[in-house]
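A.B. asks: Next come a sequence and a model predicted from it.
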Amino acid sequence: MSRVYNFCAGPASLPEAVLEIARDDMLEWHGKGLSLMEMSHRSPEVVGVTEHAEQTLRELLGVSADYAVLFLQGGASTQFAAVPLNLLGDKAGADYVNTGEWSKKAIAEARRFGKVNVVASSESTNFSTIPAQDSWQLGADAAYLHYTPNETIGGVEYFWTPQAAVPLVADMSSTLLSRPIDVPAFGAIYAGAQKNIGPAGLTLVIVRRDLLGRASTHCPAMLDWKVAADNDSMYNTPPTFAIYLADLVFDWLKGLGGLAAMETINRRKAEKLYSAIDNSSFYANPVELPSRSLMNIPFTLADPALDKLFLQESEAAGLLNLKGHRSVGGMRASLYNAVSEKAVDALIAFMRDFEQRRA
Ligand code: PMP
């Protein structure tokens, strides 16, 4: 067996140590005579794994009992609708910051349910910046303020937390668990699992309990956070195998020393790649320095005619999924938690070699 280096933006690389445990558990989980995914979601085994996953996640992120942790389905895209359905209450609308493709998707979906006030947009810089908070035009009567802490496509990340008088809501799909966050600053946090959490099919929501119970009368039960919280995420059959894998990922993170230790590693990885890009006239990254993502690093080649060859040769060298998102082109390397420093070193070595041969 030979495993390649995978820089996919999602579904992304998973820790090998986790996959090995899952492999060993596949036919029979802990001497029970069957795999976990063949068990009832109401069995003590699956309930136990789910409770353990929630507990470990709370420890990793510092989530207090004031917040509910929900294991849902439908991806972050479903939460684009669930957020306004749960939080608009009697307000006409909400504030949204537009910093890229995922902000735009969240905004478009929220418009189905209420008035969206775009408080600031970085579209005029081609989403290579984050508008300073003192330029935001906050609404007078917004139900909440929504933003996207890490834009997976543009590679733009906030290293500060917006101040808000209303509940702050964050789509943390591509940054959650990459470094510590200040959970008490948030009303609600949501994330699709398929980057730093586990396999696709699981969606995490962390919501302050006092915000539960405000859902619109039109909100489907499956999207109502209170229904999920009241039923310990088992209103219907949850994605049990994805929760089990996420639980293993949480244990793996804890074993590494938690999110502060992970941040040190992630910063080292990203800094290596950015400096390789910046020290070459062959590669470029368009994002303003203070907002460069630790997780998703887009870069272009000086001559786009070489893009195809770069992708062919990198793939042949065992470096997979470096193609940029179809909406922006160029390349993108996603350096999630499970992408090792060795993988980043191999990518940089390949980039230098390619440049020497083609520049
Ligand atoms: N938000 C962000 C920041 C994302 O990166 C993604 C997926 N790449 C989504 C939302 C959509 O997530 P899902 O596919 O889980 O609906």
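C.D. replies: Looks like it came in fine.

A.B. asks: How far off centre is the lengthiest helix in the chain?
C.D. replies: The residue-count maximum for a helix in the chain (DSSP state H) belongs to helix 258-278. With C-alpha atoms, centre = their mean, to the nearest Å as the basis, helix 258-278 stands 17 Å off its chain's centre.

A.B. asks: Same check on stretch 95-109?
C.D. replies: For stretch 95-109, the distance to the chain centre is 15 Å (C-alpha atoms, centre = their mean).

A.B. asks: Quick one: the helices in the stretch 251-359 of the chain, in order.
C.D. replies: 258-278, 307-316, 341-358 (DSSP state H, counting those that start in this stretch).

A.B. asks: who are the neighbours in contact with the residue in the stretch 151-300 of the chain that the ligand sits nearest to?
C.D. replies: Of all residues in the stretch 151-300 of the chain, G192 sits closest to the ligand, at 2.6 Å by C-beta to the nearest ligand atom. Where you see a C-beta, it was placed from the backbone N, CA and C, and this is true even at glycine. For G192, the contacting residues are 10, 75-77, 173, 200, 202-203, by C-beta atoms under 8 Å, 6 or more residues apart in numbering.

A.B. asks: mind checking pLDDT for the closest residue to R42 other than its chain neighbours?
C.D. replies: With sequence-adjacent residues excluded and distances taken as C-beta to C-beta, 6 or more residues apart in numbering, R42 is closest to M234, at 6.8 Å. Listed pLDDT for M234 reads 97.

A.B. asks: just to revisit the earlier point, please report how far the residue of the stretch 151-300 of the chain closest to the ligand lies from G198.
C.D. replies: 10 Å (C-beta to C-beta, to the nearest Å).

A.B. asks: T240 too?
C.D. replies: From T240 to G198 the distance is 12 Å (C-beta to C-beta).

A.B. asks: hang on, the earlier thing: between the contacts of G192, which sits nearest F282?
C.D. replies: For those, the residue nearest F282 by C-beta to C-beta is G10; the value is 27.4 Å.

A.B. asks: what about the helices in the stretch 1-150 of the chain?
C.D. replies: 16-25, 44-61, 75-87, 101-110.

A.B. asks: from those helices, which stretch is densest packed?
C.D. replies: The highest mean neighbour count among the helices of the stretch 1-150 of the chain, using mean count of other C-beta atoms under 10 Å, belongs to helix 75-87: a mean of 23.

A.B. asks: one step back: let's have the helices of the stretch 251-359 of the chain in TSV, adding distance to the ligand, mean pLDDT and mean neighbour count.
C.D. replies: Formatted as TSV, these follow (distance: least, C-beta to the nearest ligand atom, whole Å; pLDDT from 0 to 100; neighbours: other C-beta atoms under 10 Å):
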stretch	distance to the ligand	mean pLDDT	mean neighbour count
helix 258-278	16	98	17
helix 307-316	20	98	15
helix 341-358	20	97	16
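
A.B. asks: For L138, find the nearest of these.
C.D. replies: For the helices of the stretch 251-359 of the chain, proximity to L138 was assessed by C-beta to C-beta; helix 258-278 is nearest, at 29.6 Å.

A.B. asks: other SSEs contacting the closest one?
C.D. replies: The contact analysis (3 or more C-beta pairs under 8 Å, 6 or more residues apart in numbering; DSSP states H and E) places helix 258-278 against helix 44-61, helix 240-256, strand 283-284, strand 296-301, helix 341-358.

A.B. asks: is the ligand contacted by stretch 58-74?
C.D. replies: No: contact of stretch 58-74 with the ligand (C-beta under 6 Å from any ligand atom) is absent, the minimum separation being 7.2 Å.

A.B. asks: Return the set of buried residues in that stretch.
C.D. replies: Across stretch 58-74, burial judged by 16 or more other C-beta atoms under 10 Å covers 58, 60-61, 63, 67-74.
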